[in-house]
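Colleague: All I have is the shape, not the residue letters:
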């Protein structure tokens with residue numbers, strides 16, 4: 001649901017600094033986990049805990065996580081591979097904070113992320129949660145594009161998801177009232193945002209307060225699974241959100257995107273095709289800001305880790 005004329009929360013200190021639970025589920029993230037964890041320690045907002053939940057890693061990342069020596073960090077492992085939606089629901093149950101922040105294990109937070117998101121929620125208590133825009137980074141941590149944040153319409157949420165899921169920070173009570181469904185692999189975020197669109201108040205900060213690592217579009221079976229679940233979501237929720245005619249149009253569009261993506265994959269142009277549709281070019285100032293933030297994150301010490 002769109003939110004108009006929000007207060008920015010600028011000026012003055014918050015009377016109450018809510019405790020934020022940052023949750024990172026991980027499965028074989030390799031060296032990328034380091035940047036993710038350091039970015040939490042680099043936050044200008046100090047009142048947080050970090051919950052790291054292993055989903056069956058075999059690459060040494062669990063051992064790396066357990067080497068952290070800080071009482072604000074909890075690392076959990078049960079030896080099972082339950083999948084992302086189940087782990088996200090688990091993080092919500094484990095969270096001690098009144099706010100829960102999503103994050104992927106191969107991404108990073110801008111140092112201002114929590115400060116800006118918490119400030120917005122403090123200034124606008126009617127909101128349920130907030131997402132942000134993002135810098136796109138490659139496998140070598142190089143900023144390569146911008147994913148602008150903007151408030152989506154019902155049609156955009158159905159067609160593309162609308163919100164940057166790993167940048168979501170919301171009240172724990174909201175997550176508890178709207179658990180992730182286990183029925184939409186590779187589309188659990190889309191289903192959540194579509195299901196809650198009419199009854200929730202989520203706002204999008206346009207600034208890139210998140211670093212989203214992009215390895216390219218899904219291929220083969222993963223791509224087909226994503227589009228198949230996309231159409232399941234459109235058919236289930238579309239008629240109520242946008243009407244039957246628009247739903248049928250979105251279903252046709254989804255099928256067309258799948259065919260175009262598969263054709264682009266065959267000629268090796270799938271990543272160029274996707275980036276052209278989704279991302280914006282970085283300005284020189286944005287590139288400098290991204291590099292500066294990444295350098296600050298990498299220089300942030302983590303207790304128990306040799307730098």
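Modeller: On my side now, so go ahead. Since the structure is predicted, the reported quantities are computational estimates derived from the model, not experimental observations. Residues are numbered from 1 along each chain as shown.
Colleague: For the rest of this, base every contact and every neighbour count on C-alpha atoms.
Modeller: OK.
Colleague: For residue 23, pull up the helix or strand it's in.
Modeller: Secondary structure from DSSP states H and E places residue 23 in strand 20-26.
Colleague: Parallel or antiparallel, which strands does that strand pair with?
Modeller: strand 48-54 (parallel), strand 99-102 (parallel) (DSSP bridges).
Colleague: average pLDDT for the top strand by length along the chain?
Modeller: Across the chain, the longest stretch assigned as strand under DSSP state E is strand 202-213. Averaging pLDDT along strand 202-213 yields 97.
Colleague: elements contacting that strand?
Modeller: Counting contacts by 3 or more CA pairs under 8 Å, 6 or more residues apart in numbering; DSSP states H and E, strand 202-213 is packed against strand 108-109, strand 129-137.
Colleague: Take these and lay them out in TSV including mean pLDDT, mean neighbour count and distance to residue 224.
Modeller: Below are these laid out as TSV (pLDDT from 0 to 100; neighbours: other CA atoms under 10 Å; distance: least, CA to CA, whole Å):
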stretch	mean pLDDT	mean neighbour count	distance to residue 224
strand 108-109	98	30	28
strand 129-137	97	25	24
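Colleague: At the geometric centre of this structure, which residue do we find?
Modeller: residue 166 (0.9 Å; CA atoms, centre = their mean).
Colleague: Chain neighbours aside, what residue packs nearest to it?
Modeller: The shortest distance from residue 166 to any non-neighbouring residue, by CA to CA, 6 or more residues apart in numbering, is to residue 103 (4.6 Å).
Colleague: can I assume the one you found is in contact with residue 21?
Modeller: No: counting by CA atoms under 8 Å, residue 103 does not reach residue 21; the two are 10.7 Å apart.
Colleague: okay if I get the helices and strands packed on strand 202-213 as JSON lines plus distance to residue 48?
Modeller: Formatted as JSON lines, these follow (distance: least, CA to CA, whole Å):
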{"stretch": "strand 108-109", "distance to residue 48": "13"}
{"stretch": "strand 129-137", "distance to residue 48": "17"}
